[in-house]
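Trainee: here you go, sequence then predicted model.
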Amino acid sequence: MSLYFGGDYNPEQWPEDVWHEDVALMRRAGVNLVSVGVFAWSRLEPEEGRYDFGWLDRVLDLLDEGGVKVALATPTASPPPWFSLAYPDALPVRADGTRLLHGSRDTYCGSAPAYREACRRIAGELGRRYAGHPALALWHVHNEYGTACHCDHAAAAFRGWLRKEYGDLDALNDAWVTDFWSQRYSDWEQVFPPRATQYLANPGQLLDFRRFWSDELLAAYTEQRDVLRAATPDVPVTTNFVFGGWVPVDHARWAREVDLVAIDDYPSDAGPAAEEQVAFAGDLARHWAGGDKWLLMESAPNLIYTPGRMHAKEPGRMLRHSLAHVARGSRGAMFFQWRAPRGGAERFHSALVPHAGPDSRTFREAVELGSALRALSEVEDGAIEAPAAIAWDAASWWALQGPGLPWEGIDYLAEARAAHRALWTAGITTDFVSLSRPLAPYRLLVLPAHYLMSDAAADAVAAYVDAGGHLVATYLSGIADERGRVRLGGYPGALRDVLGVRVEEFRPAAHGWDEAVTLNGAAWERPGVTRHRYGAGTAWYVSTPLDDEAYRELMAEAAGITPAPPRLELVRRRGDGMSWLFALNHTDRTALGPANGVDLLSGASVSGVLELPAGGCAVIREVDIVPGKPLP
Ligand code: GAL
């Protein structure tokens, strides 16, 4: 099976003669999969109930003749203008009561019955029409679920969700601590989505609203998935996960409902942090996929949006970033988008075929990437070796976005990224993990700002260390229970024993964060870091932010390894009697790394030392790997 290479393809934006050129160029670049129809609802159903599939038939036939497979989308992320006029109650409402209108995308309420029904209908039409089409390889439901709404439909659905979650109002009042500020509810009808209010909103309500939306949107997804499965039981179904603080989706939970985890990855930084963010996203995707393969469904070929302006991706980065994803288990590299549009809000977004056309650096790099991916098909089943894991918890992220925290600067994602960066720069391949999953396989477990912690999760962490595990936990971990209620008796509530410390007071300071730590079995190891023997294991507590170098050193020490040279990324995948070493040089100098084997990209043999030029990549099919022997 080849790795996938391609991207979002929007033929509806172009006359038919361009489609022929598209397919010819796709063949030239080695494109073998495209996502079609993602935003094509107004073309597929120009009026309610009147469908026009003729153009899509021709596109799919043409792609099929060209040997390009299709991830066929349901277009439900952008209902057409007729839909808004026919069903104004299905338009989304913001917390401040503003009802939004079409003119952009994602203008729907995921709880509105008319919207849900229209989605099932168009999905059913597509399913029936394209069942058996030879180009159809994958269903791509919707696009980036994550839009919340505060309207009356959402309110009714939220109440229904809360009733199921809590059973009775007393339990809800208890979970949300509604006796604070006289918020006690005596009737379900008094409960609303967190709409605009006078001052700080209730944090329990905000947290549950996120959880509710995750489940509500998941129900919207599974409805479409089931309609498609009924039409084409053998075609896998997915939706592309989007990652961001505004997204009320628990991807770990959703991953159980997709046949292939697919992510979109747009690093928000154009500098060296981009590489770290790529590695972070890939490791997270592998976690959601349960350690299995997944797919990079979208990434930017060139210009990326960064705050304020767009930035060009430097030459070579398209290949390096794509390989970093494949190294972490992606089944290929897909892009947004195939051809740059002439108009529309994203007219300057990069594309594999830019406005300049195929005579361009981007297209040449695309051709190079296509050929690299073809050379790598054998790695597809290799499993990734990771000695360390970071606990990832979407709900802690949401809770730490709530109001009234002791430090506004606390940013869960930044904390998780800092932990991952410290491991990444130390050369330690890292998994993400949920505390409800087995922890024993890891030599090192890291809890960055794991704010919410159930008793069961705290027990799992303690058992892990007791049995010999190494734990690094940072400030604001274990502070609250799973509902967000603060644990009493001293911070970090759920982790006091295992960490051997007790914190009576937070000391937020100008530079960020500090605490009054009392040792309770632990000892100071360096400023801001304590160390505690617990059972057969060791637990470190980080009570103040560390700089990158100190954090990297701590991770290497806790994992018991000598750190690798920074920014020479080495990731190993191991298959049946085979292994492959991905080596990516993110520096502007030649880098040397230990390797033996054949570079699948260049065909060159490597014995002992791999020499990689600045920005260079190699994928070594290794020889002489003795099972069980420590890896270089
Ligand atoms: C993605 C989205 C695409 C496109 C892209 C731009 O999040 O799925 O449709 O908008 O961002 O970077």
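Mentor: Structure's in. What do you need?
Trainee: any idea how far residue 455 lies from residue 391?
Mentor: 16 Å (CB to CB, to the nearest Å). To be clear about C-beta, it is placed using only N, CA and C from the backbone, and glycine gets the same treatment.
Trainee: which of those two has more neighbours?
Mentor: residue 391 (26 against 11; other CB atoms under 10 Å).
Trainee: can you pull up the most central residue in the chain?
Mentor: Centroid-nearest residue in the chain: residue 243, 4.7 Å away (criterion: CA atoms, centre = their mean).
Trainee: my guess is that residue contacts residue 263. True?
Mentor: Yes: using CB atoms under 8 Å, residue 243 is in contact with residue 263, at 6.9 Å.
Trainee: spit out the residues that contact the two alike.
Mentor: 281, 284 (CB atoms under 8 Å, 6 or more residues apart in numbering).
Trainee: returning to what we had before: show the contacting residues for the residue nearest to the centre of the chain.
Mentor: Residue 243 touches 251, 263, 264, 265, 281, 284, counting by CB under 8 Å, 6+ apart.
Trainee: in helices, which of those residues appear?
Mentor: If you go by DSSP state H, the contacts of residue 243 have 251, 281, 284 in helices.
Trainee: how much space between the nearest residue to the last one once chain neighbours are set aside and residue 251?
Mentor: The shortest distance from residue 284 to any residue other than its chain neighbours is 5.2 Å, reached at residue 432 (CB to CB, 6 or more residues apart in numbering). Separation of residue 432 from residue 251 (CB to CB) stands at 10 Å.
Trainee: now do the shared contacts for the two.
Mentor: Here residue 432 and residue 251 share the contacting residues residue 284, scored by CB under 8 Å, 6+ apart.
Trainee: near residue 527, how many other residues are there?
Mentor: For residue 527, the neighbour count with other CB under 10 Å is 9.
Trainee: ramachandran angles for it?
Mentor: phi -60, psi 130 (degrees, to the nearest 10).
Trainee: next one: it from the ligand, what distance?
Mentor: For residue 527, the distance to the ligand (CB to the nearest ligand atom, to the nearest Å) stands at 41 Å.
Trainee: quick one, what contacts that residue?
Mentor: Applying CB under 8 Å, 6+ apart to residue 527 gives the contacts residue 544.
Trainee: picking up where we left off before, what about the residue nearest to the centre of the chain, which SS state?
Mentor: Following DSSP: H, G, I helix; E, B strand; the rest coil, residue 243 is assigned to coil.
Trainee: do you know how far it is from residue 391?
Mentor: Counting by CB to CB - residue 243 and residue 391 are separated by 17 Å.
Trainee: ok, now residue 319?
Mentor: Counting by CB to CB, the gap from residue 319 to residue 391 is 32 Å.
Trainee: ok, residue 428 next?
Mentor: Counting by CB to CB, the separation of residue 428 from residue 391 is 15 Å.
Trainee: so in that sheet, which strands flank the helix or strand hosting the residue nearest to residue 284, and in what orientation?
Mentor: Using DSSP states H and E, residue 432 sits in strand 430-433. Strands that pair with strand 430-433, judged by DSSP bridges, come out as strand 388-391 (parallel).
Trainee: show the secondary-structure elements that the next helix or strand after the strand it pairs with is packed against.
Mentor: Following strand 388-391 in sequence order, the next helix or strand is helix 394-399 (DSSP H and E). Judged by 3 or more CB pairs under 8 Å, 6 or more residues apart in numbering; DSSP states H and E, helix 394-399 is in contact with helix 203-231, helix 412-425.
Trainee: can you do 10 Å?
Mentor: The helices and strands touching helix 394-399, judged by 3 or more CB pairs under 10 Å, 6 or more residues apart in numbering; DSSP states H and E, are helix 203-231, helix 251-254, helix 412-425.
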